[in-house]
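Student: Sequence first, then the predicted structure, then my questions.
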Amino acid sequence: MKTGKIPENVLKRSVLKKLTVKRPEVLVHSGIGEDCSVLQAGNDAIVLSTDPITGTAKDIGKLAFHVTANDIASSGAELIGILLTIIFPPDSSEEELKEIMSDVSELAEAHQVEILGGHTEVSAAVKQTLVSVTGVGRIAEERLVTTGGLKAGHDIVVTKWIGLEGTSILAKEKEVELAERLPLDMVETAKSFDRYLSVVPDSRVAMEVGVSAMHDVTEGGIFGALWEMASASGVGLEIDLKRIPVRQETIEVCEVFDINPYMLISSGAMLIGTPHGSCLIEKLKRAGIHGAVVGCATAGKDRVVLNGEERRFLEPPKTDELFRVL
C-alpha cells in the first residue's frame, strides 16, 4: 500500500466492515470522514479522537497536540485531557524527549488540558520519532456537531487558508532547497505558518453562529476534506475553486515541488457547513480570523468544483502531496 491514509475503498472493506459491535452508549460510531467518536454520559457527550504524526519529526509535539485538539473542536466540544504515546528510534536522545514534552506541556497549559497519561518507548520498529495523541472532550449532547451533519442548501465556509501545515513543514524540512528558488523572507514566512494551526478559536466562533457540520482539514487537503464531509453527510457539493483561500507562500512552495496545494495537509483550516455563511464570515473577521464562503451543499451526490468555465468532480482522498516531497 502507498504511504498516507488508507484509501476509502480499502478502509470500507478491510476496516469498517469488520466493526460489527454497535454499543447503545455510542452516539457517533466510526465512519468515513468523522473526526471523533462520541459516548453518551448522562446529559453530556464524551468526545474521543486519536491521531499520529508521521509526515515529519520537526515540532512533532506541537503538531500532535494541535491535530487532536482540532478534531475535538470540530465536534464543538471542549478538550479536557489527552493521552500521549511517543515511540523513538534507537538513536534518539533524552533531549528529544524533553523537547517534545515541553512543547506538549506548553500547549496543554495554554488550553487548560490535562495530560492524563500515555506510553513512551524506544523501538527499532520505527525510523523516525512517532507521536500519537488521543483526546478526550466533553459537550452537552444537544450541542454536538458531526462531520456528517451537512444539509443541502447550507453554505460551505473555509477558515484561514488551506495548506498552512504542509507549507510550514516543507519550509522547515526543505529550507535550503527552497531558499535557492524563493526569497528568504518568503521562506521564513512559510515556516511561521505553524502559528495558525489551531482551529479551536474558529470552532468557538462557529458554535456561536450555528453550524450543521465541522471538519478539520488535514491529510488529503481541502479536496479530501470536502469529499469526506459530503460523503459522511450524503450530500453533493458545488464549490468555487477561486474562492478557496490560499496564501501566496503556499502557492510558491507548491510550485517549487510541483504539487497541488488543494491536496496538501491543511491543519489550521476548518471546513464548516452552516445556514448562516455571511454571518459566520463577519463574526470570524471580528475575531481576527480570515474565512470565506466557498460554495454550498446540494441535493444528490455530485461533488463539483468549478474553476471559471471548467467543471470537475471531486474524487475520494488520495495520498497527501506532502508524502510526494518527503
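Tutor: Done, it's in.
Student: so how many other residues sit close to Gly81?
Tutor: When neighbours are defined as other CB atoms under 10 Å, Gly81 has 15 of them. Any C-beta I mention is one placed from the backbone N, CA and C, and that applies to glycine too.
Student: For it, name its beta-bridge partners.
Tutor: Glu114, Val136 (DSSP bridges).
Student: quick one, what contacts it?
Tutor: By CB atoms under 8 Å, 6 or more residues apart in numbering, the contact list for Gly81 reads Val113, Glu114, Ile115, Leu116, Gly135, Val136.
Student: Need the buried ones from these selected in ChimeraX.
Tutor: Here is the ChimeraX command that selects only those of the contacts of Gly81 that count as buried (16 or more other CB atoms under 10 Å):
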select :113,115,135,136
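Student: Give me the neighbour count for Arg13.
Tutor: For Arg13, using other CB under 10 Å, the count is 10.
Student: In terms of helices and strands, where is it?
Tutor: helix 8-14 (DSSP states H and E).
Student: what do you get for Thr167?
Tutor: Going by DSSP H and E, Thr167 is in helix 164-173.
Student: helices or strands next to that helix in the packing?
Tutor: Where contact means 3 or more CB pairs under 8 Å, 6 or more residues apart in numbering; DSSP states H and E, helix 164-173 is packed against helix 184-191, helix 248-257, helix 321-325.
Student: Burial-wise, tell me which of those helices comes out on top.
Tutor: helix 321-325 (a mean of 20; mean count of other CB atoms under 10 Å).
Student: Could you pick out the longest helix of the protein?
Tutor: Secondary structure of the chain per DSSP state H: the longest helix is helix 94-111.
Student: Now do the helix or strand that contains Val294: everything it contacts.
Tutor: Assigned by DSSP H and E, Val294 belongs to strand 291-298. Outside strand 291-298, the residues within contact range by CB under 8 Å, 6+ apart are 150-160, 202, 230, 233, 235-240, 243-245, 273, 277-278, 280-281, 284-285.
Student: hang on, the earlier thing: for the longest helix of the chain, name the packing helices and strands.
Tutor: helix 60-74, strand 78-88, strand 114-122.
Student: Next, format these as JSON lines and append mean pLDDT.
Tutor: Formatted as JSON lines, the helices and strands packed on helix 94-111 follow (pLDDT from 0 to 100):
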{"stretch": "helix 60-74", "mean pLDDT": "95"}
{"stretch": "strand 78-88", "mean pLDDT": "97"}
{"stretch": "strand 114-122", "mean pLDDT": "97"}
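Student: Out of these, the one nearest Glu188 is which?
Tutor: With CB to CB as the measure, helix 60-74 is the member of these nearest Glu188 (17.8 Å).
Student: what packs against the closest one?
Tutor: Using 3+ CB pairs under 8 Å, 6+ apart, helix 60-74 sits against strand 44-53, strand 78-88, helix 94-111, strand 130-140, helix 200-209, strand 213-216, strand 270-274.
Student: Export the ones you listed as TSV, with columns for distance to Ile32.
Tutor: Supplementary listing: the helices and strands packed on helix 60-74 in TSV, determined by distance: least, CB to CB, whole Å:
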stretch	distance to Ile32
strand 44-53	15
strand 78-88	23
helix 94-111	28
strand 130-140	20
helix 200-209	21
strand 213-216	11
strand 270-274	15
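Student: of these, which approaches Glu173 most closely?
Tutor: strand 44-53 (13.2 Å).
Student: Can you tell me what sits against that closest one?
Tutor: Residues contacting strand 44-53 (CB under 8 Å, 6+ apart): 27, 35-40, 60, 63-64, 67-68, 71-72, 75, 77, 130-141, 144, 218.
Student: Just the ones of the contacts of strand 291-298 in strands?
Tutor: Among these, DSSP state E puts Asp155, Ile156, Val157, Val158, Thr159, Gly236, Leu237, Glu238, Ile239, Asp240, Gly273 in strands.
Student: Leaving out chain neighbours, which residue sits closest to His119?
Tutor: Counting by CB to CB, 6 or more residues apart in numbering, His119 lies nearest to Thr85, which is 4.8 Å off, once chain neighbours are set aside.
Student: got the contact list for that neighbour?
Tutor: Gly118, His119, Thr120, Leu130, Val131, Ser132, Val133, Thr134.
Student: contacting residues for Glu34?
Tutor: Val28, Thr146, Thr147, Gly148, Ala232.
Student: Quick one: which of those residues is the most crowded by neighbours?
Tutor: Thr147 (28 neighbours).
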